[in-house]
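**Q** Fold the following.
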Amino acid sequence: MNPKIDYAYFTRRMFFHAVLPAPLAAIGLSLAEMGDTILVGHAIGMDGLAAVGFVSPLFLLATFFVFGLSMGGAIVFSNLMHEGKKEDALGLFNFCLRLSAVVGFTITAAGLLFEDSLLAMLGTGPQDGVVYEMVRSYILYILLGIPFEILMEVLTAYLRNDNADNLSVVIQGASGVVNLGISALLLFVFDWGIAGCSFGFFIANLLAVGIALGYILFRKDGELSLRSRTIPWRDAIKPLRLGFATSSEYIFDAIFTLAAIHLVLELAGTDGVAVFNIIENLSLLFIFLYEFIGKTSQPLFSTFFAEGNQTELHRTFRYALGYSLFWGILATLLVILYPQILDLLFGLEDIQDAELAYYAARVFCIGTIFMGLTLLLQNYLQTEEDEKGAFLIVFLRRLGVSMPLAFLLAEFGFAAFWLVYPLAEIGTLIILYLYKRKNGEQVKLSPERIYSASFLGKLAVVAEQLDAIEAFAAQWGADSQKRHTLRLAVEEICGLMAERAQSMDDDSLLTQLTLLAKEDGSFQLHLRNNGEKLDPLSLISENLAKLSAQKENYDIRLLVLHAVKSHAQQFLYRNYQGFNTITLTI
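**A** Prediction:
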């Protein structure tokens, strides 16, 4: 009796490895983002909160570039790597890294050179007295830290796509904790005032960039490297367009925030504005939670999308959705049942009726369950390179649906206004459903051009696959040489792995195979197995060295693989997410 094959094995293991730690980084970063509001509110009071508020549009501008420069490029990088185009992928990484530095330091230089004009654009001037002076102190280190924040996010996005998921999460989470710790120390112990908070932002991001760059420079088993060659501008348009399609969310956020503040000010005065600020800060916790689950799932989405493996792509999405809903429902229940947690986070001493904040938080949290689905779909559509769909979600959530709803609900009073949060998410999902029903799902290739199988790596079982692979290739026009090369590739790679790569689970070696019949006539083979790390390329080199030295113990199987490699357009080995992964294009 043949042992049962666990078809979800690779997806489940990669998901647990990459995504499970994500909420820890999300909580750390969200606390850091809320940290200035919490610390300044308790230490300085309303003047300090006003100063932080004046600078918030600058944070939105930085965040716009953070995600615009990181996410689109990282997704295309992952797709290129899984297609075996390593040099193009590294060229894209180095291009985005340099562009990030140019953009970040340009913002810093412009802000420092034209500080008075910048402060006027932010809405403050000498007439604001002590608040104006606080803004000047606070903004200095914010401007110095912005380029390092952008670089940190770009580097960690690429590390996530280079088999360093846990390090990426640790760097981001630790930067948030260090930011909060240094800010609190300088503010409360060394009496730096409001400048202490912004210095924490600067130094935490600087340290994070140093650690990420050091890891890339001295890491032995990664693909990322710093090099002089980059891709030309024309090849960068697609990843940049893909990234900025969703980072425009932060521009829409600024517009919605300005409108909402004016509405709640009319409805409930300054208490209404205070409640709105609390809800917007609370939203950061949920956004970071869902975004980090989505962004750490993105490399897995990209992996299976590049391989054309729709079954495992959809399985990964279901895992991510279930995990998102678990955390979202848990956090929602916590706030609904114990709204007094808002007192601990933000302090409600200056709000006459804390029940206003409790009610608004409860309504908002109901909407976060739908928010989790929309944000996850946003990352999923980015991976599919459906930039129109991803942009549609961004636009509808914070402008296209939420803005009209805000003006409409404000007509029915303060209590009705907060329904804008759940209704905007539901409205976005309805419109997105209609969009996808009309346009369908983006796929790498039509399903009939994809052959996939999972099998235990015994030599007899491998032999059973060879005829099926050869028949599939013949169906899509492969000549005898291509069919023979594909047959040899699968036979020798799987045979080599079965003989030499012991399964990490002390069981039969499990192999996942996907073969794509591309429209240009080439065939792309993806092989993944759960054996101990074994690089056929390095073994081929060692075997050829033995052959050139006229030693007799060279391996015929490796010589055949060398012949296969010489006929391949690309032959790439990666130990990705702990599994041997080989991409071969013929």
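**Q** after the top helix by length along the chain, next one along is what?
**A** Longest helix in the chain, counting residues (DSSP state H): helix 249-307. Heading C-terminal from helix 249-307, the first helix or strand you meet, by DSSP states H and E, is helix 310-337.
**Q** Run the angle between that next one and helix 249-307 for me.
**A** Calculated by axes from the mean of the first three to the mean of the last three Cα atoms, to 10 degrees, helix 310-337 forms an angle of 150 degrees with helix 249-307.
**Q** can you give me the strands for the stretch 351-500 of the chain?
**A** When secondary structure is read from DSSP state E, counting those that start in this stretch, the stretch 351-500 of the chain shows strands at 450-456.
**Q** Check the spacing between the spatially most central residue of the chain and residue 103 real quick.
**A** The residue lying closest to the centre of the chain (Cα atoms, centre = their mean) is residue 295, at 2.5 Å. Residue 295 sits 20 Å away from residue 103, going by Cβ to Cβ, to the nearest Å. In this view, the C-beta of every residue, glycine as well, is placed from N, C-alpha and C.
**Q** State the pLDDT value of residue 408.
**A** If you check residue 408, the pLDDT there is 93.
**Q** Distance check, it against residue 382.
**A** Distance from residue 408 to residue 382, by Cβ to Cβ: 31 Å.
**Q** in terms of contact, does residue 362 touch residue 336 like I think?
**A** Yes - applying Cβ atoms under 8 Å, one finds residue 362 in contact with residue 336, separated by 5.1 Å.
**Q** Where does residue 4 sit: helix, strand or coil?
**A** Assigned by DSSP: H, G, I helix; E, B strand; the rest coil, the conformation of residue 4 is coil.
**Q** could we number from 24 for the rest of this?
**A** New numbering, starting at 24: the last item is residue 27.
**Q** burial count for it?
**A** A count of nearby residues for residue 27, using other Cβ atoms under 10 Å, gives 7.
**Q** Look up the pLDDT of it for me, please.
**A** Residue 27 is assigned 75 on the pLDDT scale.
**Q** any idea how far it is from residue 283?
**A** Applying Cβ to Cβ, the value for residue 27 to residue 283 is 55 Å.
**Q** re the thing from before, separation between the residue nearest to the residue nearest to the centre of the chain when sequence neighbours are not counted and residue 320?
**A** Leaving aside its chain neighbours, residue 318 sits nearest to residue 402 (6.2 Å; criterion: Cβ to Cβ, 6 or more residues apart in numbering). Look at residue 402 and residue 320: by Cβ to Cβ, they are 7 Å apart.
**Q** I'd like to know which elements the helix or strand where residue 119 lies is packed against.
**A** Using DSSP H and E, residue 119 falls within helix 109-136. Packing contacts for helix 109-136, counted by 3 or more Cβ pairs under 8 Å, 6 or more residues apart in numbering; DSSP states H and E, involve helix 69-105, helix 153-183, helix 256-270.
**Q** run the last query once more with 7 Å
**A** helix 69-105, helix 153-183 (3 or more Cβ pairs under 7 Å, 6 or more residues apart in numbering; DSSP states H and E).
**Q** Turn the ones you listed into JSON lines, including mean neighbour count, mean pLDDT and distance to residue 468.
**A** Listed next are the helices and strands packed on helix 109-136 as JSON lines, based on neighbours: other Cβ atoms under 10 Å; pLDDT from 0 to 100; distance: least, Cβ to Cβ, whole Å:
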{"stretch": "helix 69-105", "mean neighbour count": "22", "mean pLDDT": "72", "distance to residue 468": "13"}
{"stretch": "helix 153-183", "mean neighbour count": "23", "mean pLDDT": "85", "distance to residue 468": "26"}
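**Q** So which of the ones you listed is nearest residue 254?
**A** Closest approach to residue 254 among those is made by helix 69-105 (9.9 Å; Cβ to Cβ).
**Q** could you give the angle of the closest one to helix 256-270?
**A** 130 degrees.
**Q** quick one: the residue nearest to residue 318 and residue 339, what's the gap?
**A** As for residue 402, its distance to residue 339 is 11 Å (criterion: Cβ to Cβ).
**Q** the more surrounded of these two?
**A** residue 339 (28 against 24).
**Q** So the more buried one sits against residue 322, correct?
**A** No - using Cβ atoms under 7 Å, residue 339 is not in contact with residue 322, being 9.9 Å away.
**Q** next one: the helix or strand residue 200 falls within to chain centre, how far?
**A** Assigning secondary structure by DSSP H and E places residue 200 in helix 188-207. Chain-centre distance of helix 188-207: 16 Å, with Cα atoms, centre = their mean, to the nearest Å.
**Q** Same check on stretch 532-550?
**A** 26 Å.
**Q** same deal with stretch 433-449?
**A** 30 Å.
**Q** before we move on, back to that, give the contact list for the residue nearest to residue 318.
**A** 317, 318, 320, 321 (Cβ atoms under 7 Å, 6 or more residues apart in numbering).
**Q** Same list (those residues) but as a markdown table, adding distance to residue 459 and pLDDT.
**A** A markdown table is the format used below for the contacts of residue 402 (distance: Cβ to Cβ, whole Å; pLDDT from 0 to 100):
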| residue | distance to residue 459 | pLDDT |
| --- | --- | --- |
| 317 | 17 | 83 |
| 318 | 21 | 78 |
| 320 | 19 | 85 |
| 321 | 19 | 79 |
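**Q** Distance to residue 517 added to these, as TSV?
**A** As requested, those are exported to TSV (distance: Cβ to Cβ, whole Å):
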residue	distance to residue 517
317	34
318	34
320	29
321	29
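**Q** Tell me, how many residues neighbour the closest residue to residue 357 other than its chain neighbours?
**A** Ranked by Cβ to Cβ, 6+ apart and with sequence neighbours excluded, the top spatial neighbour of residue 357 is residue 364, at 6.7 Å. Neighbour count for residue 364, taken as other Cβ under 10 Å: 15.
**Q** With that, I have no additional questions.
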